[in-house]
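A.B. asks: got a sequence here, can you model it:
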Amino acid sequence: MFRTTAASFLAAVLLGCLSLVSCSRQRDSSPPLKQEDTPSPLFAYDRNASIEVTIDTVRTIDGGVVRDAHFTASSSRHGQVKFYLVRPTGNGPFAGVLFFHWLGRPKGDREEFLEEALQLAKEGVISALIQGYFPWREDPVNGPTDRQHVVDQSIDTRKVLDLLLREPGVDPQKIAYVGHDYGAMFGAILAGLESRVKTYVFVAGMGNFGDWSLKYWPATAAGGEKFYRDALDPVDPIHFVSHAAPAALLFQFSNRDKYISKETATAFSNAASNPKTVRWYDAEHDMSIPEVQKDRHDWLAQQLGLTHP
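C.D. replies: Numbering: from 1, shown residues only. As a prediction, the model looks like this:
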């Protein structure tokens, strides 16, 4: 349940407008992109370019200010990229977390991590929660098309990271990423491209797109499974997660995952750079048990130096 008063709403709107205007104009001073160890130039973009953000609503939920906002995707064919921005009260400095949700039910959208973001706001964290479009509202169809969609989704995820880092009060040295399922896979790609993220949490992810696309979207095999896998290989997460260092990685896997075998999960984590921690849980692929969330919270608290309210 959320509470909004006229005064708090107006203050939140002003705060949101000022922050997002700053986002569109301010150049961040965070570390440069990785260069020599970046596996692919496909994901290059101008991270200092302005991003025109529209605020749709502002709410006060459990003490945190939640902005519902969007911007136009890097490729217009994808429409709008929606995201939540959850701010604590005060001026900071604040740690920052970028959350990316799973493809599943319930909460297969940016709502998945909203409760966690609100809890973290009480501990001095600003969170950005992106809503994905591929493959959430755009089905995989064929190798070349899907490869470009992965590139586009990854670039737009990085743009949400840009916006998070440009938020007033954010400490650029305390930035984390949390992703579940496809959200973990896109996070693994970012891990090989970004020097701006201190730590990543990958929840029930895996290293290649073909295993899911070919099984659940049979049309992708029309040109042959090998053709599809070869087309997606340059953007498969397993090639990027090995370049995550010096970022610290936490892998959270399920012992009862009907979508990802232990062999596939282990190959994903084995490919990752150090430092890394791998934990297994008696859970389903949704990873909804309290132990998973607690371990994730404790990891973020340790890595980002958070204190309980």
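
A.B. asks: so who does the spatially most central residue of the chain touch?
C.D. replies: The residue lying closest to the centre of the chain (C-alpha atoms, centre = their mean) is F100, at 3.4 Å. Contacts here follow C-beta atoms under 8 Å, 6 or more residues apart in numbering; on that basis F100 touches 129-130, 132, 157, 177-180, 182-184, 186-187. All C-beta spots, glycine's among them, are computed from the backbone N, C-alpha and C.

A.B. asks: tell me the contacts of the closest residue to it other than its chain neighbours?
C.D. replies: Nearest non-adjacent residue to F100, counting by C-beta to C-beta, 6 or more residues apart in numbering: G183, 3.2 Å away. G183 sits next to 99-102, 132, 203, 205 when contact means C-beta under 8 Å, 6+ apart.

A.B. asks: show the subsequent helix or strand relative to the helix or strand hosting G183.
C.D. replies: In the assignment (DSSP states H and E), G183 maps to helix 182-193. Proceeding N to C from helix 182-193, the next assigned helix or strand is strand 199-203, under DSSP H and E.

A.B. asks: name whatever forms a beta bridge with the residue nearest to the centre of the chain.
C.D. replies: I130, G179 (DSSP bridges).

A.B. asks: for L165, see how far away it is.
C.D. replies: From F100 across to L165, the span is 16 Å (C-beta to C-beta, to the nearest Å).

A.B. asks: ends of stretch 51-64, how far apart?
C.D. replies: Taking C-alpha to C-alpha, to the nearest Å, stretch 51-64 runs 24 Å from one end to the other.

A.B. asks: over to stretch 139-147?
C.D. replies: End-to-end distance of stretch 139-147 (C-alpha to C-alpha): 12 Å.

A.B. asks: any chance you could list what contacts it?
C.D. replies: Taking C-beta under 8 Å, 6+ apart as the rule, stretch 139-147 contacts 134, 149, 209, 213, 217, 219-220, 222-223, 227-232, 234-235.

A.B. asks: buried set for that stretch?
C.D. replies: 140, 142-143, 146-147 (16 or more other C-beta atoms under 10 Å).

A.B. asks: give the rounded mean pLDDT of that stretch.
C.D. replies: The pLDDT scores in stretch 139-147 average 98.

A.B. asks: any weak-confidence spans in the protein?
C.D. replies: Along the chain, segments meeting pLDDT under 70 span 1-40, 308-309.

A.B. asks: run through the helices of it in chain order.
C.D. replies: In the chain, the segments counted as helices under DSSP state H are 6-25, 114-121, 143-166, 182-193, 210-216, 225-232, 262-271, 290-304.

A.B. asks: which one of those lies nearest to V241?
C.D. replies: V241 lies closest to helix 182-193 among those, at 4.1 Å (C-beta to C-beta).

A.B. asks: tally of neighbours for D282?
C.D. replies: 9 (other C-beta atoms under 10 Å).

A.B. asks: now do the phi/psi pair for it.
C.D. replies: In terms of degrees, to the nearest 10, the main-chain angles of D282 are phi -80, psi 80.

A.B. asks: contacts only, for it.
C.D. replies: 255-256, 289.

A.B. asks: let's see 10 Å
C.D. replies: Going by C-beta atoms under 10 Å, 6 or more residues apart in numbering, D282 touches 254-256, 289, 291.

A.B. asks: which of these sit farthest apart?
C.D. replies: Checking these with C-beta to C-beta, the most distant pair is R256 and E291, at 13.6 Å.

A.B. asks: any common contacting residues for the two?
C.D. replies: By the contact definition C-beta under 10 Å, 6+ apart, R256 and E291 are jointly contacted by 281-283.

A.B. asks: closest one of these to Q153?
C.D. replies: A283 (26.1 Å).

A.B. asks: my guess is that closest one contacts I260. True?
C.D. replies: No - applying C-beta atoms under 10 Å, one finds A283 not in contact with I260, separated by 12.0 Å.

A.B. asks: overlap of the contact sets of these two?
C.D. replies: Joint contacts of A283 and I260 (C-beta under 10 Å, 6+ apart) are 204, 253-254.

A.B. asks: before we move on, the earlier item: the contacts of F100, buried ones only, as a ChimeraX selection?
C.D. replies: For the buried members of the contacts of F100, the matching ChimeraX selection, counting by 16+ other C-beta under 10 Å, is:
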select :129,130,132,157,177,178,179,180,182,183,184,186,187
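
A.B. asks: return the closest of the contacts of F100 with respect to F83.
C.D. replies: F83 lies nearest to I130 out of those, by C-beta to C-beta, at 4.7 Å.
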